[in-house]
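Asks: The following comprises the amino acid sequence and a computationally predicted model.
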Amino acid sequence: MVASPLQPPAESHNVLGEPLQECGCAPLTGWFRDGYCHADPGDFGRHTVCCVVNESFLTYSRAQGNDLSTPVPAYNFPGLRPGDHWCVCAARWLEAYEDGMAPPVRLESSALSTLEVIPLDVLRSHAA
């Protein structure tokens, strides 16, 4: 069952062990496009890190082959701009971190399962 954009997914927690908070609805983000950074086994990318995207991350992501800035009308994707909140793949965020390009993270909106990929102290170092 997919949650509505105004209700958190049932029994989902964030990296702090608290109830998962909404990441963003303008544009609508998340694996389920419900505003929350939670996933299911079908989300091989694990879109669980809620970021406040910035220009350096958007440029970095584009250079890595994942253009998040360009609109894709066929998928109802408006393209991201600096300041937008977006659920990023945990491994991609960690890669950006290791390259010095990671955007700020909203801990309250990043799913607990993120900690299987990224240590909490690393996330805290980039808390928005």
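Replies: Perfect, thanks for sending it. Residues are numbered from 1 along each chain as shown.

Asks: farthest residue from the center of the chain?
Replies: Largest separation from the mean C-alpha position in the chain: Ala74, at 21.3 Å (C-alpha atoms, centre = their mean).

Asks: Distance of it relative to Asp84?
Replies: Distance, Ala74 to Asp84, using C-beta to C-beta, to the nearest Å: 20 Å. Yep, even glycine has a C-beta here, placed from its N, CA and C like the rest.

Asks: Give the residue spans of this structure that score low on pLDDT.
Replies: Of all residues in the chain, those with pLDDT under 70 make up the ranges 1-8, 10-11.

Asks: just the strands in it please.
Replies: 47-52, 85-89 (DSSP state E).

Asks: Am I right that Pro78 is in contact with Ser69?
Replies: No: between Pro78 and Ser69 there is no contact, the gap being 10.1 Å when judged by C-beta atoms under 8 Å.

Asks: So what's the residue count around Val72?
Replies: Neighbour count of Val72, defined by other C-beta atoms under 10 Å: 11.

Asks: Geometric centre of the protein: which residue is closest?
Replies: Centre-most residue of the chain, counting by C-alpha atoms, centre = their mean: Cys87, 1.8 Å.

Asks: contacting residues for it?
Replies: Cys23, Gly24, Thr29, Gly30, Trp31, Tyr36, Cys37, His47, Thr48, Val49, Cys50, Cys51 (C-beta atoms under 8 Å, 6 or more residues apart in numbering).

Asks: what number of residues lie near the residue lying closest to Glu22 once chain neighbours are set aside?
Replies: Leaving aside its sequence neighbours, Glu22 sits nearest to Gly35 (C-beta to C-beta, 6 or more residues apart in numbering; 4.7 Å). Counted with other C-beta under 10 Å, residues neighbouring Gly35 total 26.
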